[in-house]
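Trainee: starting from these lines, generate the structure:
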Amino acid sequence: MADVELTNILMNLELFDGLQQKQAESLARACTERVLAPGEVLCEVGTVDDRLMVFLAGKLRIESEEGVLLSEIAEVRILGEMGVLIGQTRSSRVVADEQSRILELTGEALQVLVDETPDIAQRMLANLCALLYTRLHGANEKIGELRADRDRLQARVDELAG
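Mentor: From the prediction side, this is the model:
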């Protein structure tokens, strides 16, 4: 994939929002492109991985530790940002459903990039905070919906039992 295309993809991802063109170009050069075969496991639950990955094309399956399908990925997005930035263990298993292309940025390559251009780290940290806020807000909304569903079901059970 051409560097210009990769740079544009990176600049359109939430984690890299606001990077200058030259910063995004440096980021693209620090990445390694990789092709996954169907069935290939990209990462396992409970592991700490120092790779930030950008899913470019194909189809990935995200599974729980028990192998339950949690979601499927078919659009460009970031994976592994929590592991590379704060060392958090993976909460899911990621498997290629079909041939898929990703970019990998190792923690070591990211550190070199950040040492050379501290503004990249500042921008990524601000974006990560915004991303985590959005995820937390969405999770809180989902919890509220589930509680309302539970209360409706409990009321119906009480009505039928009464």
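
Trainee: so Arg77 touches Phe55, yeah?
Mentor: Yes. Counting by CB atoms under 8 Å, Phe55 is a contact partner of Arg77 at 5.4 Å. C-betas here are computed from N, CA, C, even on glycine.

Trainee: for the helix or strand hosting Gln154, packing partners?
Mentor: Element membership for Gln154 (DSSP states H and E) is helix 118-161. If you count contacts as 3 or more CB pairs under 8 Å, 6 or more residues apart in numbering; DSSP states H and E, helix 118-161 packs onto helix 21-30, helix 81-86, helix 107-116.

Trainee: for the shortest one, what is the average pLDDT?
Mentor: Which is helix 81-86. Taken as a whole, helix 81-86 has a mean pLDDT of 74.

Trainee: phi first, then psi, for Val76.
Mentor: phi -60, psi 130 (degrees, to the nearest 10).

Trainee: tally of neighbours for Ala139?
Mentor: 10 (other CB atoms under 10 Å).

Trainee: gap between it and Leu132?
Mentor: For Ala139, the distance to Leu132 (CB to CB, to the nearest Å) stands at 10 Å.

Trainee: tell me the centre residue of this structure?
Mentor: Geometric centre of the chain, nearest residue: Leu79, 2.9 Å, by CA atoms, centre = their mean.

Trainee: surely that residue meets Ala96?
Mentor: No. Here Leu79 does not reach Ala96: they are 11.9 Å apart, not a contact under CB under 8 Å.

Trainee: quick check: neighbours shared by those two?
Mentor: Common contacts of Leu79 and Ala96 (CB atoms under 8 Å, 6 or more residues apart in numbering): 42, 60.
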